[in-house]
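*Asks:* next one to model:
(4 chains)
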There are 2 protein chains.
Amino acid sequence: MRIGELARRTGVSERSLRYYEKQGLLTAERTAGGHREFPGSAVDRVIRIQELFAAGLCSAKIGQLLPCMRDTDGGPSEIATPRLVADLTTERGRIDRMIADLVRSRDVLDEVIAAAAGDVGNR
Amino acid sequence: MRIGELARRTGVSERSLRYYEKQGLLTAERTAGGHREFPGSAVDRVIRIQELFAAGLCSAKIGQLLPCMRDTDGGPSEIATPRLVADLTTERGRIDRMIADLVRSRDVLDEVIAAAAGDVGNR
DNA sequence: CTTGAACCTGACACCCGTGTCAACTTCTAC
DNA sequence: GTAGAAGTTGACACGGGTGTCAGGTTCAAG
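*Replies:* Below is the predicted model of the structure:
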């Protein structure tokens, strides 16, 4: 599929998709005229990439990680190098802490929201 | 306490603490010579602020939110305005989605790490 | 009083994924 | 062939919390 459709199907801007390709996170064939032609599996891949970005990984790490992931296209997954495993383990810890932080923050919001709702109930 | 001690006790740089004060997230008395004098409750507050930043809230939102939070100093919590409650509810949804994303990403990392470990076991 | 640590303000730069604009080319359908 | 949608590359800017440096002032101990 072409970039416009991929953007529509993933909700990611064309700008970002071109950036992903330049960073080596996506591969695309080219038409005779130079237009990108993405495989169907790109949809899932883009969504994964977005999640990993949201998890605070930089594009370099994601680039290392992607070939080791079980792809929907059933491609042969590479095995992570020990160096990469160490990095990923560090990232995993960071993500764990981030989740804990988020839960605490969410609780704080809930408390404030509940206090406001309770106030409404009391008037 | 002064800024150096607060920085040490929270792990947050002096630079950031000054920034927080300028954004109205922290209040500090001043000595005759102009040095900041933070109350003891600032330690907890700074930690909360960091969590909220990590949760993706901007300083403006945090500034609105803080007075509505139950402080350790037992100060009277303000009640959030309906407008703020709406904002916070939106933020809450965002945080929920972020947590879900993080969990998925963590699972992906676990899978890759496990695959590498399994490979080690197979050799 | 002196000295060194600690603090002050202000300014500049960074990160890095993303938005946006410009100028041009390619594709598709009539 | 022609019009209009869609795609291409390149460049510049942003956000916003943080790092860092410069040049000066204050604090606390001797």
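*Asks:* quick one, domains of chain A?
*Replies:* As given by automatic domain parsing, the domain ranges for chain A are A:1-78, A:80-123.
*Asks:* quick one: closest of those domains to DNA strand C.
*Replies:* domain A:1-78 (2.1 Å; CB to the nearest atom of the strand). In this view, the C-beta of every residue, glycine as well, is placed from N, C-alpha and C.
*Asks:* report the rounded mean pLDDT for that closest one.
*Replies:* Averaged across domain A:1-78, pLDDT comes to 91.
*Asks:* between the two ends of that domain, how far is it?
*Replies:* Using CA to CA, to the nearest Å, the end-to-end distance of domain A:1-78 comes to 26 Å.
*Asks:* how far away from the center of its chain is the lengthiest helix in chain A?
*Replies:* Ranked by residue count, the top helix of chain A under DSSP state H comes out as helix A:82-122. Remark: helix A:82-122 is offset 18 Å from the chain centroid, using CA atoms, centre = their mean, to the nearest Å.
*Asks:* which bits of chain A sit near DNA strand C?
*Replies:* Neighbours of DNA strand C within chain A, by CB under 7 Å from any atom of the strand: A:12-13, A:15-16, A:19-20, A:23, A:31-35, A:50, A:53, A:58-59.
*Asks:* roughly how far does A:R106 sit from B:R92?
*Replies:* Applying CB to CB, to the nearest Å, the value for A:R106 to B:R92 is 6 Å.
*Asks:* shared neighbours of the two, which are they?
*Replies:* Counting by CB atoms under 8 Å, 6 or more residues apart in numbering or on different chains, A:R106 and B:R92 have no shared contacts at all.
*Asks:* returning to what we had before: tell me what the longest helix of chain A is packed against?
*Replies:* Helix A:82-122 sits against helix A:59-65, helix B:42-54, helix B:59-65, helix B:82-122, with contacts defined as 3 or more CB pairs under 8 Å, 6 or more residues apart in numbering or on different chains; DSSP states H and E.
*Asks:* now do that helix and helix B:82-122, the angle between them.
*Replies:* Per axes from the mean of the first three to the mean of the last three CA atoms, to 10 degrees, the angle that helix A:82-122 makes with helix B:82-122 is 150 degrees.
*Asks:* quick check: mean pLDDT across helix A:82-122?
*Replies:* Here the average pLDDT along helix A:82-122 is 88.
*Asks:* could you check the angle helix B:42-54 makes with it?
*Replies:* Orientation check (the same axes, to 10 degrees): helix A:82-122 against helix B:42-54 gives 110 degrees.
*Asks:* touching DNA strand D at all, helix A:82-122?
*Replies:* No: Helix A:82-122 stays clear of DNA strand D (CB under 7 Å from any atom of the strand), getting no nearer than 12.4 Å.
*Asks:* find the closest residue to DNA strand D in chain A.
*Replies:* Chain A approaches DNA strand D most closely through A:G4 (2.5 Å), counting by CB to the nearest atom of the strand.
*Asks:* distance of that residue from A:L17?
*Replies:* For A:G4, the distance to A:L17 (CB to CB) stands at 10 Å.
*Asks:* those two: which is more packed in?
*Replies:* A:L17 (23 against 10; other CB atoms under 10 Å in any protein chain shown).
*Asks:* check which helices and strands the strand or helix carrying that one sits against.
*Replies:* Using DSSP states H and E, A:L17 falls within helix A:14-22. Contact partners of helix A:14-22 among helices and strands, from 3+ CB pairs under 8 Å, 6+ apart: helix A:3-10, helix A:42-54.
*Asks:* which is the next helix or strand following it?
*Replies:* Past helix A:14-22, the next helix or strand by DSSP H and E is strand A:29-30.
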